[in-house]
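**Q** Would you be able to build a 3D model of this:
(chains A and B)
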Amino acid sequence: MTLEELSAAISACLTQAVAAGEISVDIPDVVRVERPKSREHGDWATNIALQLGKKAGMAPRDFAQLLANRLAEVPGVGAVDIAGPGFLNITLDAAAAGELARTIVEAGKAYGTNDSLAGHVVNMEFVSANPTGPLHIGHTRWAALGDAIARVLRASGADVTSEYYINDAGNQMNVFARSVYNRMHGLPVPEGGYPGEYIKELADIVEAEAPELKGLDEETALPQIRELAYKAQMADIKKTLADFGVSFDVFFSETSLHEGGAVADAVARLREQGHIFDQEGAVWLRTTDFGDDKNRVLIRANGEPTYFAADAAYYLSKKDRGFTEKIYLLGADHHGYVNRLKAIAACAGDDKEKNIEVLIGQLISVNGAKLSKRAGNIIELRDLIDWLGADALRYSLGRFPADSPIALDPEQLKKNTNDNPVFYVQYAHARSAAAARNAAEKNVTRESFDASELTDPTENELLAVLGQFPSVVAGAAEFREPHRIARYLEQVAGAYHSWYAATRITPIGEDTNVLPVHSARLWLNDATTTVLANGLELLGVSAPERM
RNA sequence: GCCUCUGUAGCUCAGUGGAUAGAGCGUCUGCCUCCGGAGCAGAAGGCCGAAGGUUCGAUUCCUUUCAGGGGCACCA
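**A** Numbers count the residues shown, from 1 in each chain, chains lettered A, B, ... in the order given. Coordinates of the predicted model:
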């Protein structure tokens, strides 16, 4: 019996009780069932009687008793106790609890997926680093987190498009091009230009692809240099992201908004909506109507659109493309943009509470990380990957909520001990894979399965933990908090190791007599492998068979 | 000044209004002739920054306050 089935059974009991006239109350859509903190309180517990008792005009304990009478009749439910102010503590029959192992193994990769976000069409924008240099530590967390959020949303049934907004317009691109031009000609870095050694690499690439550009005057050469250097830099960014296991469905160019007329169009549309006014030669959006602390300029007095105007056009593009929810993942240094972004949504006629969501993450630091001379004294993502490994980096960034500041300790991440949680979890996976290999050698198979053999307390515990996976995934998706997956996997690994230490999958030593309990344990072992692998996949971390 | 995030064990941090607030590290004590000891079992360690409020119940929600991080462009 899965957690979902138990929850549904309780709902059914409530419905029956209402139909029988025993109680009169509105029943919530989902009854929450939790693992009690103390094992003395049974396998599962619900506080539904505390929640509904008062509404039904009954003492919670009386309400609980009514529910318990019906629940005790449900097949698979072993015992129902009422505790404290009205908690229902439920114990399942060993066989009913153990069936979960089969459910998980047979579901395979699908175990953990759920339909809690079915019907949601989500645009998930993250990283969106300027194409004027390599990805650095500031992008690392958003890459790991954004990708993991996209994965848990998909696992919960949402239709997700992950998107990278390329700021390839504006003066910065000219500065970028001039920096490359100067490097090609041995000139010093221009005023406010980009100093890193990577500019030299870009200069070499540009020179190799278009040697005729060298020696031309700046004005003539710049457009082509800009284009070639930009392409080379984006290729570098995409390569680094790929090495980090992060993929995007769409790379969206800001320039395409300007050139395609989308920016002008957006201004016109917002004007129709009645939120635009003209003042001192500039065109303004009245964002203060929707919670911003000041109004924002869309078109400067000199006729040039602002970056904000492109933001507005970009939002409208997302809206036009049919996304019901637009999620932006931004660093804390951009938190001042939240209100104005939401105001754009509201000005466009959207609900700024539902159609747009801006996640603000705190920044990270890595103690002792070497600054990249190549990139101009910043910490490069590529260097971090080479130094710490993509798995350790992604996992350690993925196991904290976005609003928690992180100071990574590189010495810890390189250790192969419990210090380093990614090893603890990966080790559990490798160990369970090894146990399965060993079982095959000893002729323990999954041909038969008697769930009632799984009676050890550690088996009960492991089954209970495994059963929570779908609801953990759904929670991670609902709250955009994939760190719940990581914390959960650590719990799975712990329960697995305890079980592994307490029981055996294969007969001992020379004994070759395979018993039903051995097969049952192999099912449980493989169910654990499945959950660990599926969970690591959601975090973009590998699940090694051997370490 | 305004906005925002954080404050929980010695350290790094989890914790969706519920029962005795958790994990890892560090400290201490045990456990492999047998499936991976990168592991397991146990001990010690807490005024959940402070003060009010909401209610059957608050680490969790609200207000105030203290301390620390980040941000407040006709830049991109």
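**Q** residues near A:Ala430, how many?
**A** Burial of A:Ala430, expressed as a neighbour count using other Cβ atoms under 10 Å, amounts to 18. (Glycine included, C-beta is placed from N, CA and C.)
**Q** Find the nearest non-adjacent residue to it, please.
**A** Distance criterion Cβ to Cβ, 6 or more residues apart in numbering; nearest residue to A:Ala430, sequence neighbours excluded, is A:Met547 at 4.5 Å.
**Q** Please apply the same query to A:Glu545.
**A** Looking at A:Glu545 with Cβ to Cβ, 6+ apart, the closest residue is A:Ala433, at 4.4 Å.
**Q** so which strand or helix has that neighbour?
**A** helix A:421-441 (DSSP states H and E).
**Q** Now do that helix: which elements does it pack against?
**A** Counting contacts by 3 or more Cβ pairs under 8 Å, 6 or more residues apart in numbering; DSSP states H and E, helix A:421-441 packs against helix A:390-398, helix A:483-502, helix A:516-539.
**Q** Could you confirm whether the second one reaches RNA strand B?
**A** Think helix A:483-502. Yes. Taking Cβ under 7 Å from any atom of the strand as the criterion, helix A:483-502 and RNA strand B are in contact, through A:483-484, A:487, A:490, A:493-494, A:497-498, A:500-502.
**Q** And stretch A:20-37, how far out from the chain middle?
**A** 30 Å (Cα atoms, centre = their mean, to the nearest Å).
**Q** is any part of that stretch close to RNA strand B?
**A** Yes. Residues of stretch A:20-37 contacting RNA strand B under Cβ under 7 Å from any atom of the strand: A:36-37.
**Q** who touches that stretch?
**A** Contacts made with stretch A:20-37 from outside it, assessed by Cβ atoms under 8 Å, 6 or more residues apart in numbering, are listed as A:3, A:6-7, A:10-11, A:14-15, A:17-18, A:42-48, A:51-52, A:55-58, A:63, A:66, A:87, A:89-90, A:464-465, A:468.
**Q** Drop anything exposed from these.
**A** Applying a neighbour-count criterion of 16 or more other Cβ atoms under 10 Å, the buried members of the contacts of stretch A:20-37 are A:3, A:6-7, A:10-11, A:14, A:17, A:42-48, A:51-52, A:56, A:58, A:63, A:66, A:87, A:89-90, A:464-465, A:468.
**Q** The stretch 51-200 of chain A against RNA strand B: which residues are in contact?
**A** By Cβ under 7 Å from any atom of the strand, the residues of the stretch 51-200 of chain A that approach RNA strand B are A:51, A:54, A:83-85, A:87, A:89, A:130, A:167, A:169-173.
**Q** Sort out for me which of those are in strands.
**A** The strands, defined by DSSP state E, take in A:83, A:87, A:89 from these.
**Q** Could you give the bridge partners of the first one?
**A** With DSSP bridges applied, A:Ala83 shows beta-bridge pairing to A:Phe87.
**Q** Break chain A into its domains for me.
**A** Using automatic domain parsing, the domains assigned to chain A come out as A:3-92, A:126-259+A:362-411, A:416-539.
**Q** Contacts only, for the closest residue to RNA strand B within the stretch 151-300 of chain A.
**A** For the stretch 151-300 of chain A, the residue positioned closest to RNA strand B under Cβ to the nearest atom of the strand is A:Gly170, at a distance of 2.2 Å. Applying Cβ under 8 Å, 6+ apart, we find A:Gly170 in contact with A:254, A:307.
**Q** where along the stretch 301-450 of chain A do the helices fall?
**A** Listed in chain order, the helices of the stretch 301-450 of chain A (DSSP state H, counting those that start in this stretch) span A:307-320, A:338-347, A:381-388, A:390-398, A:410-414, A:421-441.
**Q** pLDDT weak spots in chain A?
**A** Counting by pLDDT under 70, chain A contains low-confidence residues at A:418.
**Q** on that earlier part again, would TSV of the helices and strands packed on helix A:421-441 with mean neighbour count be doable?
**A** Formatted as TSV, the entries for the helices and strands packed on helix A:421-441 read as follows, by neighbours: other Cβ atoms under 10 Å:
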stretch	mean neighbour count
helix A:390-398	24
helix A:483-502	20
helix A:516-539	24
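**Q** could I get these as a markdown table with distance to A:Glu510?
**A** Written out in a markdown table, the entries for the helices and strands packed on helix A:421-441 read as follows (distance: least, Cβ to Cβ, whole Å):
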| stretch | distance to A:Glu510 |
| --- | --- |
| helix A:390-398 | 39 |
| helix A:483-502 | 21 |
| helix A:516-539 | 15 |
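**Q** I'd like to know which of the ones you listed lies nearest to A:Ala440.
**A** helix A:516-539 (9.0 Å; Cβ to Cβ).
**Q** which helices and strands sit right next to the closest one?
**A** Applying 3+ Cβ pairs under 8 Å, 6+ apart, we find helix A:516-539 packed against helix A:94-107, helix A:137-155, helix A:390-398, helix A:421-441, helix A:457-467, helix A:469-478, helix A:483-502.
**Q** what's the angle from it to helix A:457-467?
**A** An angle of 30 degrees separates the directions of helix A:516-539 and helix A:457-467 when computed by axes from the mean of the first three to the mean of the last three Cα atoms, to 10 degrees.
**Q** these two touch, right, A:Asn513 and A:Pro507?
**A** Yes. Under the criterion of Cβ atoms under 8 Å, A:Asn513 is in contact with A:Pro507, at a separation of 5.6 Å.
**Q** For these two, work out which one has more neighbours and name it.
**A** Between A:Asn513 and A:Pro507, counting by other Cβ under 10 Å, A:Pro507 is the more crowded of the two (15 against 7).
**Q** check contacts around that one.
**A** Under the contact definition (Cβ under 8 Å, 6+ apart), the residues listed for A:Pro507 are A:442, A:513-515, A:518.
**Q** tell me the angle the longest helix belonging to chain A makes with helix A:381-388.
**A** Secondary structure assigned by DSSP state H gives helix A:218-243 as the longest helix of chain A. For helix A:218-243 against helix A:381-388, the angle between stretch directions is 30 degrees (the same axes, to 10 degrees).
**Q** does helix A:218-243 come close to RNA strand B?
**A** No. Counting by Cβ under 7 Å from any atom of the strand, RNA strand B has no neighbours in helix A:218-243; the shortest distance is 12.3 Å.
**Q** Show me what the helix or strand just after that helix is packed up against.
**A** Downstream of helix A:218-243, the first helix or strand assigned by DSSP H and E is strand A:250-253. Applying 3+ Cβ pairs under 8 Å, 6+ apart, one finds that strand A:250-253 contacts strand A:159-166.
**Q** Get me the contact residues on the stretch 201-350 of chain A for RNA strand B.
**A** A:279-282, A:293-294, A:296-297, A:300-302, A:304, A:306-308, A:332-337.
**Q** Could you turn the buried ones of these into a ChimeraX selection?
**A** Selection of the buried residues among these in ChimeraX, burial being defined by 16+ other Cβ under 10 Å:
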select /A:296,297,306,308,337
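**Q** And for A:Ala144, nearest residue in space, chain neighbours not counted?
**A** For A:Ala144, ignoring the flanking residues on the chain, the nearest one in space by Cβ to Cβ, 6+ apart is A:Leu397 at 4.1 Å.
**Q** give me every residue that touches A:Arg269.
**A** Taking Cβ under 8 Å, 6+ apart as the definition of contact, the neighbours of A:Arg269 are A:316, A:348.
**Q** Give me the phi and psi for it.
**A** Main-chain torsions, A:Arg269, degrees, to the nearest 10: phi -70, psi -40.
**Q** related to what we said a few turns ago, distance to A:Gly108 added to the domains of chain A, as JSON lines?
**A** Listed next are those as JSON lines, based on distance: least, Cβ to Cβ, whole Å:
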{"stretch": "domain A:3-92", "distance to A:Gly108": "17"}
{"stretch": "domain A:126-259+A:362-411", "distance to A:Gly108": "14"}
{"stretch": "domain A:416-539", "distance to A:Gly108": "6"}
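**Q** Just give me the residue right at the centre of chain A.
**A** For chain A, A:Ile149 is the residue whose C-alpha lies nearest the centre (Cα atoms, centre = their mean; 2.1 Å).
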